[in-house]
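S.K.: have a look at this fold, sequence not included:
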C-alpha cells in the first residue's frame, strides 16, 4: 500500500499546470510488489526508504478583476448593449477591455461588426485583412498600397503594426475571403452554364 504524504490543490478546467514533488511512503508489502499503480518501474527504487515522484498537477490562478463604473449609466448601457447583441454581460465587458487596449496600442485601429463577425479595421477605411491583402499584392509596398486604397500612409502603417502582432488571425480572414470568392466564382460559372444550355 502506498501513502501520499503531501497535498496539493484540486485541479481545475482553467488551471495552469505545475510540477509538484509527491512523497509516497511504501509499506513493506508494496516494496516487494513493485511500484504503485500508474507509475513506471523507472521511478521505483526498492532500496530507498521512500519514493519521490514528480507529477503534473494544476491549480487555479485568480484572473478576475472588479469593474467599478463611475456612474450607474455605464452599467445600464452595458446591460442594454448585452441584450441587443445577445452577448453575456461579462463577455461583452471582456471584449471592450481587450479592444480598448488594442486601440490604445495601435492608434488608427478600430473594431466593427459585420456579417462574417467582428473584425479589426482602420479608421474610416477597410478591414485590416483587406489592407494586408492589398499590401501583399503590391509586393509589400506601403506607398502603392496607400494609393491603391486611397488611405493615408499612417493608416497603412497602423494596419501593419496590428498585423505584426496578430498575423494568424488576419491570415485566417484573408484565407476565408479567398474561399468565399472561389465559391462565388464557381456559383457564377454554374449559372452561366445553365443559361447557355
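M.R.: Arrived safely. As the structure is a prediction and not an experimental result, all values here were calculated from the model.
S.K.: the domain parsing of the protein - what is it?
M.R.: 2-59, 88-196 (automatic domain parsing).
S.K.: those domains: lowest mean pLDDT?
M.R.: Here the lowest mean pLDDT among those goes to domain 2-59, at a mean of 46.
S.K.: list the buried residues of the longest helix that the chain contains.
M.R.: Using DSSP state H, we find that the single longest helix of the chain is helix 167-196. For helix 167-196, the neighbour count (16 or more other Cβ atoms under 10 Å) marks 170, 173-174 as buried. For the C-beta atoms, the positions are set from N, CA and C on the backbone; glycine is no exception.
S.K.: can I get these in CSV with distance to residue 197?
M.R.: Formatted as CSV, the buried residues of helix 167-196 follow (distance: Cβ to Cβ, whole Å):
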residue, distance to residue 197
170, 41
173, 37
174, 35
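S.K.: between these, which is closest to residue 89?
M.R.: residue 173 (27.2 Å; Cβ to Cβ).
S.K.: OK, contacts around that closest one?
M.R.: 119, 127-129 (Cβ atoms under 8 Å, 6 or more residues apart in numbering).
S.K.: do residue 146 as well
M.R.: 152-153, 155-156.
S.K.: give me the buried positions along stretch 78-91.
M.R.: 78, 82.
S.K.: first to last residue in it, what's the distance?
M.R.: 11 Å (Cα to Cα, to the nearest Å).
S.K.: quick one: contacts of that stretch?
M.R.: Everything outside stretch 78-91 that qualifies as a contact, by Cβ under 8 Å, 6+ apart, is 69, 92-93, 95.
S.K.: pretty sure residue 70 is in a strand, no?
M.R.: No: with DSSP: H, G, I helix; E, B strand; the rest coil as the criterion, residue 70 is coil rather than part of a strand.
S.K.: ok, it to residue 187 distance?
M.R.: 52 Å (Cβ to Cβ, to the nearest Å).
S.K.: distance of residue 175 from residue 139?
M.R.: Residue 175 is 20 Å from residue 139, by Cβ to Cβ.
S.K.: what's the local residue count around residue 97?
M.R.: Neighbour count of residue 97, defined by other Cβ atoms under 10 Å: 12.
S.K.: can you start the count at 801 instead of 1 from here on
M.R.: Okay, using 801 as the starting number, the last item reads as residue 897.
S.K.: quick one: which helix or strand includes it?
M.R.: Using DSSP states H and E, residue 897 sits in helix 889-905.
S.K.: after that helix, which helix or strand is next?
M.R.: According to DSSP H and E, the helix or strand after helix 889-905 is strand 909-912.
S.K.: residues in contact with that next one?
M.R.: 899, 902-903, 918-923, 928, 958-959, 962.
S.K.: what lines up beside it in the sheet?
M.R.: strand 919-922 (antiparallel) (DSSP bridges).
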